[in-house]
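Chemist: heads up, no residue letters with this:
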């Protein structure tokens, strides 16, 4: 069989992009999409959702209204990045690896989520394009030219601003993608600088440069954790009064899956409103004191949430996995794709309901693969390691910084792991590494299967899920 040329691969990626635009146009508008588009139309922005996305959307809205322009951006980033990686692998004679990249690109759950106009899809598109650009040069041993470095820097900056927790994936990705031979201490220093710089600079960029009002979104994390400690200990030093803690317990306000009940106007908002009126600095100081006083309760709260978001010991039908099959009802003119796209999303939802939708399984793959590639030489192994560290960095952050268990928050980690496995190839898999992988996967599958068979199924509707007491 003739070896596919890079030009043929890139042409195929271009055709794939056009086909996806035709299939998914104008994109699926979720609840978050509707909220942001309302800001675009009104010209008033806040930081609950990424201001950089809303501002970019406002610029593109002058060209054509609706979600279509944003769909074009995230699909373009996706197909450009994947196309460049596949073409680079094809150029080096790795036909099967290039084919694997193509299959990852077309995998219905991944592509289905890229059809939803969300900050997650925007971040994935930017990171895919950045990774593909780096891979295009690095996989043939060529240093990125200035134009390539500038393009990657712009894509990385956008990803950092469009997804609040992206820094935990981006910082290790940048460090891992540094030239071969870079000392580990220097990589760690770069990762630390990127992380600190992002945390320090994001607020002034969002509020001063992009003109977004402060929404209080930064208070949700400490409030969620304080409430989790409070209901486990009954300690009023968490900031909640004894009466408020009793109400939190009675109304089942603290949920392992998400923080939403704590902000529900018809439920628990009356209990949390007093603390939410405090400054974020006060809440974080209170959380620090509560963690010191009740470290075991805090650990139990975070482990419960980590289990929920990693989908380990949870029932069948755990929500938030499937990509949307329709747009959120709205009066803003945001439409939705046709029946073929809905059918695609149905297939994606079915696939993601199985092992492919278990983040814990991807964590096992990433961990064992990182160990297998740790000392492997070559540019391909280096890129694979960078992607794996990026995936695990993001997953590790959920142990401390996460308030919701939607599967879309894991998309980059899943995609980065899949790409790393394809790029690294079979050569890194020693008998020992393969044995570790098989045993680890068998253990996880056994635990997950036992949970799916034994736990009661949760309700499907959001309103019923808010009142459910099974988690």
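Modeler: That came through fine. Quantities reported herein were computed from a predicted structural model and do not represent experimental measurements.

Chemist: For the rest of this, base every contact and every neighbour count on C-alpha atoms.
Modeler: Will do.

Chemist: in the host helix or strand of residue 365, what's buried?
Modeler: Using DSSP states H and E, residue 365 sits within helix 359-373. By neighbour count on 16 or more other Cα atoms under 10 Å, the buried set for helix 359-373 is 359-370, 372-373.

Chemist: again, but for stretch 263-281
Modeler: For stretch 263-281, the buried set under the neighbour-count rule, 16+ other Cα under 10 Å, comprises 263, 267, 268, 269, 271, 272, 275, 276, 280.

Chemist: Average pLDDT for it, rounded please.
Modeler: What stretch 263-281 shows for mean pLDDT is 90.

Chemist: which residue is nearest the centroid of the chain?
Modeler: By Cα atoms, centre = their mean, the mean C-alpha position of the chain lies nearest to residue 409, the distance being 3.1 Å.

Chemist: how close does that one sit to residue 381?
Modeler: Using Cα to Cα, to the nearest Å, residue 409 is found at 26 Å from residue 381.

Chemist: Please apply the same query to residue 22.
Modeler: Using Cα to Cα, residue 22 is found at 36 Å from residue 381.

Chemist: neighbour count winner among those two?
Modeler: residue 381 (24 against 14; other Cα atoms under 10 Å).

Chemist: Skipping its backbone neighbours, what lies nearest the more buried one in space?
Modeler: For residue 381, ignoring the flanking residues on the chain, the nearest one in space by Cα to Cα, 6 or more residues apart in numbering is residue 424 at 5.3 Å.

Chemist: what's the answer for residue 212, then?
Modeler: Computed as Cα to Cα, 6+ apart, the closest residue to residue 212 that is not its neighbour in sequence is residue 46, at 4.3 Å.

Chemist: what is that neighbour paired to in the beta sheet?
Modeler: When bridges are called by DSSP bridges, residue 46 pairs up with residue 213.

Chemist: Surely it is in contact with residue 210?
Modeler: No: using Cα atoms under 8 Å, residue 46 is not in contact with residue 210, being 9.5 Å away.

Chemist: Let me see the contact set for residue 6.
Modeler: By Cα atoms under 8 Å, 6 or more residues apart in numbering, residue 6 lies in contact with 86, 87, 88, 90, 91.

Chemist: Identify each buried residue in stretch 235-249, please.
Modeler: Buried residues in stretch 235-249, counted by 16+ other Cα under 10 Å: 235, 237, 238, 239, 240, 244, 245, 246, 247, 248, 249.

Chemist: and what of stretch 433-450?
Modeler: Using 16+ other Cα under 10 Å as the burial criterion, the residues of stretch 433-450 that qualify are 433, 436, 437, 440, 441, 444, 445, 448, 449.

Chemist: Looks like residue 436 contacts residue 367 (just checking).
Modeler: No: in this structure, residue 436 is not within contact of residue 367 by Cα under 8 Å, at 10.2 Å.

Chemist: neighbours around residue 282, how many?
Modeler: By other Cα under 10 Å, the residues close to residue 282 number 14.

Chemist: Do a quick rundown of the helices in the stretch 151-300 of the chain.
Modeler: Secondary structure of the stretch 151-300 of the chain (DSSP state H, counting those that start in this stretch): helices located at 167-176, 184-204, 220-233, 242-250, 269-276, 280-293, 295-310.

Chemist: so how far is the helix or strand of the chain with the lowest mean pLDDT off the chain centroid?
Modeler: Among the helical and strand segments of the chain, the one scoring lowest on mean pLDDT, DSSP states H and E is helix 462-467, with a mean of 83. Relative to the chain's own centre, helix 462-467 is displaced by 24 Å; criterion: Cα atoms, centre = their mean, to the nearest Å.

Chemist: Repeat that for stretch 131-145.
Modeler: Relative to its chain's centre, stretch 131-145 lies at 24 Å (Cα atoms, centre = their mean).

Chemist: Which residues belonging to that stretch are considered buried?
Modeler: Taking 16+ other Cα under 10 Å as the criterion, stretch 131-145 shows 131, 132, 133, 134, 135, 136, 137, 138, 139, 144 as buried.

Chemist: which residues touch residue 28?
Modeler: By Cα under 8 Å, 6+ apart, the residues touching residue 28 are 115, 116, 117, 324, 325, 326, 327, 328, 335, 336, 337.

Chemist: what about 10 Å?
Modeler: If you count contacts by Cα atoms under 10 Å, 6 or more residues apart in numbering, residue 28 has them with 67-68, 71, 112-118, 323-328, 334-337, 341-342.

Chemist: Of these, which belong to helices?
Modeler: 68, 71, 112, 113, 114, 341, 342 (DSSP state H).

Chemist: Just put the helices of the stretch 151-300 of the chain in a markdown table and tack on distance to residue 7.
Modeler: What follows is these, written out as a markdown table (distance: least, Cα to Cα, whole Å):
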| stretch | distance to residue 7 |
| --- | --- |
| helix 167-176 | 27 |
| helix 184-204 | 34 |
| helix 220-233 | 47 |
| helix 242-250 | 60 |
| helix 269-276 | 55 |
| helix 280-293 | 52 |
| helix 295-310 | 39 |
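
Chemist: Which stretch among these approaches residue 467 most closely?
Modeler: Closest approach to residue 467 among the helices of the stretch 151-300 of the chain (Cα to Cα): helix 242-250, 11.6 Å.

Chemist: anything in contact with each of residue 46 and residue 210?
Modeler: Taking Cα under 10 Å, 6+ apart as the criterion, residue 46 and residue 210 both touch residue 54.

Chemist: What residues does residue 53 make contact with?
Modeler: Listed by Cα under 10 Å, 6+ apart, the contact set of residue 53 reads 36-37, 40, 59, 70, 118-119, 122-123, 158-159, 161-163.

Chemist: swap in residue 246?
Modeler: 230, 231, 234, 240, 252, 271.

Chemist: go with 7 Å
Modeler: Counting by Cα atoms under 7 Å, 6 or more residues apart in numbering, residue 246 makes contact with nothing.

Chemist: And it, how far from residue 232?
Modeler: In terms of Cα to Cα, residue 246 sits 11 Å off from residue 232.

Chemist: next one: residue 349
Modeler: From residue 349 across to residue 232, the span is 35 Å (Cα to Cα).

Chemist: do the same with residue 346
Modeler: Residue 346 is 40 Å from residue 232, where distance means Cα to Cα.

Chemist: ditto for residue 79
Modeler: On the measure of Cα to Cα, residue 79 and residue 232 end up 47 Å apart.

Chemist: Between those two, tell me which one has more neighbours.
Modeler: Between residue 79 and residue 232, counted using other Cα under 10 Å, residue 79 has the larger neighbour count: 27 against 17.

Chemist: So for that one, what's the pLDDT?
Modeler: Residue 79 carries a pLDDT score of 98 in this model.
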